[in-house]
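Enquirer: Model the structure of this input:
(4 chains)
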Amino acid sequence: MSFILNEEEQMLRDSAKAFLAQSAPVSALRKLRDESDPVGFSKQLWASMAEMGWTGILVEEDHGGVDMGYAAAGLLLQEMGRTLTASPFLATSVLAASALKLAGTDAQKAAWLPKIAAGETVIAFAVDERARHNPDHVETRATKDGNGFRLNGKKRFVSCGMGADAVIVAARTEDDRINLFLVDTGAKGVERTPRRTVDSHVPADFAFDDVKLDGDALLAGAEDSETAYRHVLDAGRACLAAESLGVAEEAFDRTIDYIKEREQFGQPIGSFQGLQHRAAHLYSEMELARTLVLKALRVLDETPSQAPLWCAAAKAKATAVSRLAGSEGIQMYGGVGMTDEYDIGLYYKRAQAAGEFLGDDSWAAGQVAKLAGY
Amino acid sequence: MSFILNEEEQMLRDSAKAFLAQSAPVSALRKLRDESDPVGFSKQLWASMAEMGWTGILVEEDHGGVDMGYAAAGLLLQEMGRTLTASPFLATSVLAASALKLAGTDAQKAAWLPKIAAGETVIAFAVDERARHNPDHVETRATKDGNGFRLNGKKRFVSCGMGADAVIVAARTEDDRINLFLVDTGAKGVERTPRRTVDSHVPADFAFDDVKLDGDALLAGAEDSETAYRHVLDAGRACLAAESLGVAEEAFDRTIDYIKEREQFGQPIGSFQGLQHRAAHLYSEMELARTLVLKALRVLDETPSQAPLWCAAAKAKATAVSRLAGSEGIQMYGGVGMTDEYDIGLYYKRAQAAGEFLGDDSWAAGQVAKLAGY
Amino acid sequence: MSLEEFRAETRAWLEANCPKSMRSPIKSEADICWGGRNWEFKSEDQRLWLERMAEKGWTVPTWPKEYGGAGLSKEEAFVLKEEMRRINARSPLDSFGIWMLGPALLKFGTHEQKLEHLPPIARGEIRWCQGYSEPGAGSDLASLRTKGVLAGDHYVVNGQKVWTSYADKSDWIFALVRTEPEAPKHEGISFLLIDMDQPGVTTKPIKLISGKSPFCETFFDDARALVKNRLGKAGEGWTIAKYLLSHERASIVSEAGFGGLNPVTAAQTAGEVDEKGRIADPILRGKVAELTIDGLAFEATMRRVKEEADHGEGVGARASALKYLGTEINKRRHELNMSALGSDGLLWEGDREEDGEVARNWLRARANSIEGGTSEIQLNIVAKRVLELPGG
Amino acid sequence: MSLEEFRAETRAWLEANCPKSMRSPIKSEADICWGGRNWEFKSEDQRLWLERMAEKGWTVPTWPKEYGGAGLSKEEAFVLKEEMRRINARSPLDSFGIWMLGPALLKFGTHEQKLEHLPPIARGEIRWCQGYSEPGAGSDLASLRTKGVLAGDHYVVNGQKVWTSYADKSDWIFALVRTEPEAPKHEGISFLLIDMDQPGVTTKPIKLISGKSPFCETFFDDARALVKNRLGKAGEGWTIAKYLLSHERASIVSEAGFGGLNPVTAAQTAGEVDEKGRIADPILRGKVAELTIDGLAFEATMRRVKEEADHGEGVGARASALKYLGTEINKRRHELNMSALGSDGLLWEGDREEDGEVARNWLRARANSIEGGTSEIQLNIVAKRVLELPGG
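Expert: Just a heads-up that it's a prediction; the model follows:
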């Protein structure tokens, strides 16, 4: 396992940096927000991402993807974190694609993965039913109905849910085990409500009222669907941690630039030791987050059995560090950091929202303790 | 409830300061340590404390005490914290005296309280049986035996246990409730082992092997002995928090003095903003600890029903703050702070030991959550 | 008149004169009466209540009668406060004129200045705002650059102020202006009272990360300020400003503790509690427990320091420690509220009026450690003036 | 010879020459071979092992042959290390001469100096200690005051050093001495090699809060140091010292992570776990979980930075961040060990040899953030050299 990016990964990162600066800078998020975009992301950007090959980053070449693995997906999200890019990448290209790869039958893969790779569809992934993340708390039920199922339940704050053509839903079957179902968002009985969040994203609350599903809505390719479900979540955590890391890095870089320029008492405020020590502390903490994020991504690619521990550790650290980078950023910017005119507050908001999704630092630390056996 | 010390309390504090500077400075603790004193405190000092009226600080005047209440007892311990004075004051004059007052019969009070007030006896108070404090974990058993009892069990790290003439033991009776028993340390079946601790105190481990007790060994004056037992522990926590606060205050004062003098890079290190902000933060935290300690002591005197919450809060905060004051002290002293020649390390050691006794900051925070109903 | 007689009379007067609808706690910002030239009363009761109280001089009870007050002693004012609280009477008038300019005028103003400006404040006729901070002068307030050039009987003022609360709704502004450019930084500033009803003064609201805000930028473009409306001597502005800043810090101590949402309630609201009603996530629960302890400690510390101040020990620079602690603890509280609420806390806009309130309050709290002197400034003050550390 | 051939030869030689008892991990301080004039070998095997390795030049494998080394390339030395590790072979010789003085001599010494001093280090005949810090010169090392006055072919040295590890057991000391009192602070210091076997040099052990320690105070009272034993030019000592300090920081990166007790084991040892084996106190458990995460992160970060360094990205000033993180996390670990053990952790002396060890390690760890550059110095370095913040 190497902590060094290979040449392909470096190239990917560099091109992502250039592309996002051009096509999805922070001003793009502001535009979506100020125009109250109904889905919270740009479909045109999604198409461009497909052209770049990003949408199929985890999809096998057979199905039209580039199959570069989680480390590559994480790198992209890290860069998107830096530009606060809103897109269905995490929901569709990471969570839904992973779910299909791990739990789909060959037919399901052949039907859906090429569409994901081509950027022709947006698929959301619905897990939580309560305010705080809890993968065990699934009360949505899929009951047998002829060859198919009837789906009943509610899901909350589903990322990119308003713009999704379909949603993969974690639901319990009659044996009380969690299975994944792919549901058309236009199906009868599916209702969704937009939830505009602090980070200017637009997740959706879903209600499934006796939704009739065909038999092949069930992702039936996995030997153990719950294991697949949990692995999808691990992957999501590591990738989300990568995004949080990008958020932290950019917030930090901007803050350091700012305190080098901003003068008070006749000198740059960055020359005061009080701020210097805090900045150096934050830098050091970010070093730890950087390591854990890359480690978790590599583990997903190379030794997936270790993923639960490392993905939880990465999620915990990246959440805490990105929130710290945001709050220190606002404090060091001072008054202007509180204004909407400056971007630093947007970073803090995204750090908070990304932190909550799939488990915050407290939750993830608890997982680490459990997985470490104490 | 007033946060202002009344005149009597101010006088007590001032005289304590003067007396301890003279009779029990830090060098006295060093002497006890370097001579490996078998009991870990000076019996002569104990006699002087009796002359000053301290030993009977909680004892009613009828029984020869001065009955000044917990606020006064805490003030004395705060000053003892400042000089790292080792004495049976907490064990005997606070814990044992409280236990007798709350749970003793009139006859037991008349027999023991005058002796405590006169400094004629040292009584220890034995609660814990495991490494970490847990008032519920009492497996020591007192079983009925004729008019008396048979005592079996073990108690650990009993403060001043090696120098005690008697020890009040928390033990379960046949109804599974916790009762308090006054046991002569010279009785047959009582075995004690010295445990020299990092703070140069000498608590004792006790083993009770079928110790025969008279009927009047049971403190039988309380309607509900467990309530009395828990109230004694609350009182102990608040008083110990007061000692920890004194430890913190003195460590802090010495550190501030040191960084004003110590020069590096051509200026006092106390002029560097990095240290200044940490010192100011610590000062601010100590303000919180000061409030909670005085509040808890006053609550014991005036509205004892609120004691569990406030005593736990005070213990948690004073433990954390005194440890922080010690560790920041060593760091700011630098290399010499690591040497035995300087006193700052002794403060850190005592902060640790006092912190563990009757529940550390984690334990006490858990109590606060429980008592606050969440 | 003894205090007891005063209390009886006050009680009777309030009973007779405080309208029923003014006898309930303020529910929102909208219930506050700020006064001013363009003020629109929210109700007839609100108008009546202000009128009656102003006539008694009880909008500013300790100010001298000739300036619109009632000339009450400290003790009498306290009794009035207690009696108002007893019936939940609302404050008839809130304003920066009462809190800030008034004390400065009383201490530094001439008799003529007091006569001209204090009574309209007391009667709620003129609404004031404060013009201190500038884009380049935040923590280092004395580096301000708005300049005033003497031209006969007035100054010509040019420059920009930021963070002027409610500037867009105010009539006059009290502002720090550099009038003596040759003098050392702290000695070249004057304290000017400027009528905002002139073409040279314009305002622009500031949008915050938490949404709308009362804050504005205020621009001076050849604005006029009469010399007779300079408080204190030319160049004495910094002394007056310092007085007001320490006055502001000391007033922190009399503020109450933390109102509003706390993480325990938040977790209960979100259903994130176990069967025993405990916060379900044990690690979050631990963090909340530490917050509870610090919250209890802080509120009690405010009471302790107030009590000590009443006993003549003064607050002084210790107020900086309190400001630091209070704002940092409050930020932690809001962070834990957000954690306890999980995704519910992230809501920004929704159908209900209160949707997004938790997140807005969380973001708004971040300004606590910036406004009124940053946490860093407070730590500096504690280090220098309480601990007497050298240098800097 | 190819690396593979070298590996095969090395393996064979080690197999033949490393005594059985030298093929087990070091269990305590007492198993280390330090060498020196007064060294008493702990066993015949220890003597034999040193002798054989020294003869091969493998106590200092990358040093040139003429100075007692084997002239191995970096790669060959790595192979040797791997092969030794394969059979758990102990280091035949550890010394400050090898780690610190050697590199400085190789870089700054004359051929004569190298010939005189390096071979005895390689053979373990002379044990060196380091004389940098002084009572007045800790973080601000360049303010040192020990002075050397030129007198013909030697300096007369007077002053005091502190924190000289094992000074009481060493033969020579390499010391920073102010020889040019007129020069600016950083330019008046020389790097002198001083034989301690003379009446003018005395040592006194320092007792620490954690108990006994290897540290000493070293006093120079008209001690003599030959001019030919000055490394570099007069006044060049600071340059050499800086080289050695950054050499030391970089070597931190190659150190392993945290060995020893951790809070989970501690809680288990003390029986403070619930029926599921979890740490019983949920709040303590939360703190331990955060430590576990930081511990995993730190150990992996060491590996990452090492890997990056191997790929030519260098470590540089980032080593300061690692030093800061590692020592602070390690202190937290020891604090939580103590909490997890409760009163058991407080034991200081007892019947068993290991009694008090936990507390001693806890206290000893506090020095981590002081020695080798305090945490404050590391943060300064990160701020200035990594983040390139201005001033100071």
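Enquirer: need the residues of the stretch 251-392 of chain C near chain A, please.
Expert: Contact residues, the stretch 251-392 of chain C versus chain A (CB under 8 Å from any CB of the partner chain): C:270-272, C:280-284, C:287, C:331, C:335, C:338-350, C:356, C:359, C:363, C:366-367, C:369-371, C:374-376, C:379-380. No exception for glycine: its C-beta is placed from N, CA and C like everyone else's.
Enquirer: what do you get if the cut-off is 7 Å, keeping everything else the same?
Expert: C:270-272, C:281-284, C:287, C:338-339, C:341-344, C:346-349, C:359, C:366-367, C:369-370, C:374, C:376 (CB under 7 Å from any CB of the partner chain).
Enquirer: Let me see the contact set for the residue lying closest to residue A:246 once chain neighbours are set aside.
Expert: Spatial nearest neighbour of residue A:246, excluding adjacent residues (CB to CB, 6 or more residues apart in numbering or on different chains): residue A:81 at 2.4 Å. Going by CB atoms under 7 Å, 6 or more residues apart in numbering or on different chains, residue A:81 touches A:243, A:244, A:245, A:246, A:247.
Enquirer: Could you dump the residues you listed into TSV with pLDDT and neighbour count added?
Expert: As requested, the contacts of residue A:81 are arranged in TSV below (pLDDT from 0 to 100; neighbours: other CB atoms under 10 Å in any protein chain shown):
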residue	pLDDT	neighbour count
A:243	98	28
A:244	98	32
A:245	98	28
A:246	98	29
A:247	98	34
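Enquirer: Secondary structure and distance to residue A:263 for those residues - can I get that in TSV?
Expert: Output for the contacts of residue A:81, formatted as TSV (DSSP: H, G, I helix; E, B strand; the rest coil; distance: CB to CB, whole Å):
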residue	secondary structure	distance to residue A:263
A:243	helix	34
A:244	helix	32
A:245	helix	31
A:246	helix	29
A:247	helix	27
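Enquirer: Which single one of those residues is nearest to residue D:311?
Expert: Taking CB to CB as the measure, residue A:245 is the one of these closest to residue D:311, at 20.6 Å.
Enquirer: Tell me which of the residues of the stretch 251-392 of chain C next to chain A fall in strands.
Expert: Of the positions in these, C:347, C:348, C:349 sit in strands, assigned by DSSP state E.
Enquirer: near chain B, which residues of chain C?
Expert: C:264, C:277-279, C:285-286, C:288-290, C:292-294, C:296-298, C:300-301, C:303-304, C:307-308, C:311, C:321, C:324-325, C:379-380, C:382-383, C:386-387, C:389-392.
Enquirer: residue with max distance from the center of the chain?
Expert: Picking chain A for this. residue A:266 (43.2 Å; CA atoms, centre = their mean).
Enquirer: sorry, should have said chain C
Expert: Outermost in chain C, CA atoms, centre = their mean: residue C:275 at 42.9 Å.
Enquirer: what's the spacing between the closest residue to residue A:144 other than its chain neighbours and residue A:210?
Expert: Leaving aside its sequence neighbours, residue A:144 sits nearest to residue A:174 (CB to CB, 6+ apart; 6.4 Å). Per CB to CB, to the nearest Å, residue A:174 is found 16 Å from residue A:210.
Enquirer: got it, and residue A:250?
Expert: Distance from residue A:250 to residue A:210, by CB to CB: 45 Å.
Enquirer: So for the two, which residue has more residues nearby?
Expert: residue A:250 (24 against 11; other CB atoms under 10 Å in any protein chain shown).
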